[in-house]
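Enquirer: based on what follows, work out the 3D shape:
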Amino acid sequence: MSARGAPRWITTGFSLLAALGLQAVAAQSPPPADSPLSEVQITATRVAEPIERLPAAVTIVGGDSLRARGAGDLRTALALVAGIDAPPGGDAGPASSVPSLWGLHEFDAFLLVVDGVPSGGAFNPALPTLDLHDVDRIEVMKGGAPVMYGVTSFVGVIQVVRRAAGSSDQQALISGGSHDSWSGDVSLSLPSLGSFRQSLLLDGQRTRLSDPRAGVDAGHVLYRSSAPVVGGTGTLDAEFTSQTQLPTSPVIRAGTTLTARTALDANFNPQDAGINEQRAHLTAGYARAGAWGEWHTLLSYTRSTIHDVRGFVRPQLAIGADGNNADGFNQDRILDDAYFDSYWRTLLAPTLDVVAGLDWLYGRGSQQSRNFAYLTPLDGGAPPSGSRPIDEINGLSNRRNFGGAYLQADWKPNDRVAVLAGARMNRTAEEQASSHVDAFDSANNLNALGTRSHTRGSGTIGISCVAWGTQNSVSHATVFADYRNTFKPAAIDFGPDFTPLILKPESAQSYEAGLRLTARGGRLKWHVEGFRLNFTDLVVHELDVNGAPILANAGSQHFQGVETELRWSVAADWVLSASYSYHDTRFDNAVSVESGNTVQLHGHQLELSPHNLAAVGVQFAPPLGAQAAVQAVYVGRRFLDRLNTAPAGGYATVDARLAYRFARYSVALNGYNLTDRREPVTASEFGDQSYYLLPARRLMLEAAWSL
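Expert: Down below sits the predicted model:
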C-alpha cells in the first residue's frame, strides 16, 4: 500500500491520537524543579566526563528521546543535532545512510562506534547493520578523534551506547504500515544469577519502499552479559544479524538537472538483485579498579559474508554498440575485523587525570566480482544476472593493521579551568592484491600487488573555562577551544572494478572554539561553536580513462562554519529543540577528471554540501496519557557536482509521532518525511552521474507493552 493510500485503520488511529494530544495540551503540568545534573560523555575521553568541562563540541541524544520521537534510523535520530544530515540509502543499500558532519558528505569520513568498538573496523562504518533498539544514548562528537581512536575519523564520531546487561527496556513492540511494511522487537532482562546480569534483544523487520522491488528484510539478536571476575567486572556480548537489502536505483543527471526520461521509482537492477549479509560479532571486556587506578580491556571480532547482485543504467540512457544500456555485477565479499584496546586510568595528582593505553585495529577483506552488461527498459525491469554472459572477473584482497599507543591528560588546576591534551603514535600497514580477468582477451588480464605503511603521530590540545557561574551551579557558561591533528589511510569501497593502487592517506588539521550556556535553573542548554578544518588528499570518486569508476586523492580542501544548538525544557514533559549551521566547504589546490578532462577545482564548493542546515523539534512525553513529537528539518541549496554546474534547491522534511501511554501499554502512529520530498541526497560511486533520492512518505502504526 502507498503512503498516499493509507488504509482506514491508520487514518482513524491518527485522528484519535491527534484528539488525545490536543486534550493533553490543554492540561499542562507545572515546570520542573531546578536540577544541576550534567550530561556525561565517554567518547572524547574513554572515561565519564561532564560535557561542560570538555574542550570539544559533543551532543548527547538520550534513548528516551529516541523512543519518544519514534526514531529508528540515523536520519530521524540525529535530525536535531546541529550540522548533521544523515539521509538513508546510498551505494551500501536502503538500510544504510551517508551522514554529513561539518559539511563533508562521505561514507567513510566519520567513525561509527558501538559500545566502545569501531563498527566496520579498519574499513568503512557498518551502517547497513546498525541497530537502534534498546539504546541508552547516542553521543556525537564533532571533528576527529586523533588520540582515543587514532586513524579512523576526521569530521566526527557517532557512538551508540546500548543499555547495559540486565537493564533492557523490558518491552515488546510490533508495528505495521506503508507499503506492507512491518517490524517487531522484544527486549528482555533475563533472570539474574547472583551478580551475573544478562539481557536479550530480538528484532526483525520487513520494510518496503515506494518502489515495490526495494526494501529490507532483517533479523537481529543481541545477548549481553556481565559478572564479577577476579576482583573486577567481565562483560561478554554476542550479536548476529541476517539481512537482505533489495536495492533502489539512483537517478541519472542529465546536464544540470535529473533526467525526466525515467520514472521516479524506476528500478534498473537485475531481477535477482539483492545485498545478502550475514554478520556475527563477539565482544569481551574486563574492567578492574584499585588504589592504583582503573584498568580497562576490550577485545572484539566481527565477520561479515556478503553476496551482492546489482546493476546500474549507463548515464547516456541509450543502447550502446554492445546492445546494452546497463552494467551489473555479481559479487561475493568477506570482511573480518578485530579490535583490541587496553588502557590504564589514574589520578597522578588531585588535579591531573591520566589515561594511557594501547590499541590495535585489524581488517581483512576480499571480494570477487563477476561483471556483465545487460539491457533494461527505461521504465524498469531487467533480466536475472545469471542469464547474462560474464565480461570480466575482478578480485581484491586487502589486509590492514592499525596500531597505536596513546596518552591523554585532563588537568583541572582549579574549579574554572580544564585543559585536555593528548598524543598518539600510530603505525599503519596495508597489503593489497588485485586482479582482472578479461573474458574476451586474456592478453588484457592484469594483476597488481601493493603495500603501504606509515608511522606518524597525531594529537590534540584544548582548554575550557567557566566564564560565568561555577561548574556546580545550575546556571553557568563555559568557553572552550581546541586543536586536533590526525591522518587516516584511504578508504576502500570494495566495488566491482579493478583496484590496483593503494591511495595516499588523508590528513587533517582542525581548529574549534565555542560557548556552552546553561540557564533557567538548568532547563535551558545552548551552545555555539565555530570550526576550521584543513584537509589534504581527500579521497573522491571519479572515472578512469576507460570510464570505470575509481577512487582517487583530490588535493586539498578546507571546511569552515558555525553551528548552534538549543534544548529547552519549557515545562514538565515539554522539550523544545532547535539547531542551525552554516558550512562553507571548498576545494583549494585540487584537480579531478571530469568527462575525460582534467579540471582545476580551486574555489568550488564540495558536492552535496549545503551552506545552510536547520531543524526545530517539539516533544511532549509524560509518563502516562497522550504523547506527541514533531521535528522539521531544512536542507539548503547545494550542488550535485564538483564543477558546481548542477544546483539543487533547498527542501524541508517533517517527522511526527502521536502516542497514548497506558500503565503497561502504548499505541502510537509514526510519520516519516510527511512532506513527501524526493530530493537527490547521495551520489552513487558505482553509477556515474547518478543520485539516490530521499525515500517517500511512510506511516507506521505501533503497539508496545511492558513485560
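
Enquirer: would you map the strands across the stretch 51-200 of the chain?
Expert: Under the criterion DSSP state E, counting those that start in this stretch, the stretch 51-200 of the chain contains strands at 58-62, 100-101, 104-105, 111-114, 117-118, 135-142, 156-162, 171-177, 181-193, 196-208.

Enquirer: distance between the following helix or strand past the last one and the chain's centre?
Expert: Heading C-terminal from strand 196-208, the first helix or strand you meet, by DSSP states H and E, is strand 215-229. The chain centre lies 19 Å from the centre of strand 215-229; the measure is Cα atoms, centre = their mean, to the nearest Å.

Enquirer: tell me what angle the helix or strand following strand 215-229 forms with strand 196-208.
Expert: Helices and strands here follow DSSP H and E; after strand 215-229, the next one along the chain is strand 232-246. Taking axes from the mean of the first three to the mean of the last three Cα atoms, to 10 degrees, one finds strand 232-246 and strand 196-208 inclined to each other by 10 degrees.

Enquirer: each with direction, which strands does strand 232-246 pair with?
Expert: strand 215-229 (antiparallel), strand 274-290 (antiparallel) (DSSP bridges).

Enquirer: can you pull the buried residues of it?
Expert: Neighbour-count burial for strand 232-246 flags 232-237, 239, 241-246 (criterion: 16 or more other Cβ atoms under 10 Å). For glycine as for every other residue, the C-beta is placed from the backbone atoms N, C-alpha and C.

Enquirer: quote the end-to-end distance of stretch 485-502.
Expert: 22 Å (Cα to Cα, to the nearest Å).

Enquirer: for it, the averaged confidence score.
Expert: In this model, stretch 485-502 has a mean pLDDT of 87.

Enquirer: roughly how far is it from the heart of the chain?
Expert: Counting by Cα atoms, centre = their mean, stretch 485-502 is centred 19 Å from the centre of its parent chain.

Enquirer: centroid residue for this protein?
Expert: residue 99 (5.2 Å; Cα atoms, centre = their mean).

Enquirer: what residues does that one make contact with?
Expert: 74, 78, 84-86, 110, 156, 158 (Cβ atoms under 8 Å, 6 or more residues apart in numbering).

Enquirer: report pLDDT for it.
Expert: So, for residue 99, pLDDT stands at 93.

Enquirer: and it, backbone torsions?
Expert: Here is the backbone geometry of residue 99 (degrees, to the nearest 10): phi -70, psi 140.

Enquirer: for the closest residue to residue 438 other than its chain neighbours, what are phi and psi?
Expert: Once flanking residues are discounted, residue 438 sits nearest to residue 444: 3.8 Å by Cβ to Cβ, 6 or more residues apart in numbering. In terms of degrees, to the nearest 10, the main-chain angles of residue 444 are phi -90, psi 0.

Enquirer: number of nearby residues for residue 613?
Expert: 23 (other Cβ atoms under 10 Å).

Enquirer: what about it, distance to residue 107?
Expert: According to Cβ to Cβ, to the nearest Å, residue 613 and residue 107 sit 19 Å apart.

Enquirer: so after the helix or strand containing residue 296, what's the next helix or strand?
Expert: According to DSSP H and E, residue 296 maps onto strand 293-313. Counting by DSSP H and E, the next helix or strand C-terminal to strand 293-313 is strand 326-349.

Enquirer: got the angle for the next helix or strand after that following strand vs strand 293-313?
Expert: Next along the chain after strand 326-349, taking DSSP H and E as the criterion, comes strand 352-374. Interaxial angle, strand 352-374 versus strand 293-313 (the same axes, to 10 degrees): 20 degrees.

Enquirer: circling back: out of the buried residues of strand 232-246, which is nearest to residue 501?
Expert: residue 245 (29.0 Å; Cβ to Cβ).

Enquirer: per-residue pLDDT of the closest one, please?
Expert: 98.

Enquirer: which strand residues bridge it?
Expert: Those that pair with residue 245 in a beta bridge, by DSSP bridges, are residue 216, residue 275.

Enquirer: do I have it right that it meets residue 216?
Expert: Yes: assessed by Cβ atoms under 8 Å, residue 245 is found in contact with residue 216 at 5.3 Å.

Enquirer: how many neighbours does residue 264 have?
Expert: 11.

Enquirer: and whichever strand or helix holds residue 681, how far out from the chain's middle?
Expert: Element membership for residue 681, per DSSP H and E: strand 680-683. The chain centre lies 15 Å from the centre of strand 680-683; the measure is Cα atoms, centre = their mean.

Enquirer: in CSV, could you pull the C-alpha coordinates for it?
Expert: As requested, the backbone C-alpha atoms of strand 680-683 are provided in CSV (Å, rounded to 0.1, in the frame of the first residue of the first chain):
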residue,chain,number,x,y,z
PRO,A,680,18.7,13.8,-4.5
VAL,A,681,20.6,13.3,-1.3
THR,A,682,23.6,11.0,-2.1
ALA,A,683,25.7,10.5,-5.2
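
Enquirer: C-terminal to that strand, what's the next element?
Expert: Immediately after strand 680-683, counting by DSSP H and E, sits strand 690-693.

Enquirer: that next one pairs with which strands, parallel or anti?
Expert: According to DSSP bridges, strand 690-693 has these partners: strand 251-254 (antiparallel), strand 680-683 (antiparallel).

Enquirer: give me the beta-bridge partners of the closest residue to residue 620 other than its chain neighbours?
Expert: Closest residue in space to residue 620, ignoring its immediate chain neighbours: residue 628 at 4.8 Å, by Cβ to Cβ, 6+ apart. Counting by DSSP bridges, residue 628 is bridged to residue 620, residue 658.

Enquirer: name the nearest residue to residue 574, sequence neighbours excluded.
Expert: Residue 574's closest residue in space is residue 620 (Cβ to Cβ, 6+ apart), at 5.5 Å.

Enquirer: and that neighbour, how many residues sit next to it?
Expert: Around residue 620 sit 23 other residues, with neighbours defined as other Cβ under 10 Å.

Enquirer: so how far is residue 629 from it?
Expert: Plainly put, residue 620 is 7 Å away from residue 629 if you go by Cβ to Cβ.

Enquirer: one more: residue 58?
Expert: For residue 58 relative to residue 629 (Cβ to Cβ), the value is 23 Å.

Enquirer: look at these two and report which has more neighbours.
Expert: Set residue 58 next to residue 629 and count neighbours by other Cβ under 10 Å: residue 629 wins out with 24 against 21.

Enquirer: quick one: the more buried one and residue 71 touch, right?
Expert: No: with contact defined as Cβ under 8 Å, residue 629 and residue 71 do not form a contacting pair (9.1 Å).

Enquirer: ok, now which ones touch residue 560?
Expert: Residue 560 neighbours (Cβ under 8 Å, 6+ apart): 530-533, 583-585.
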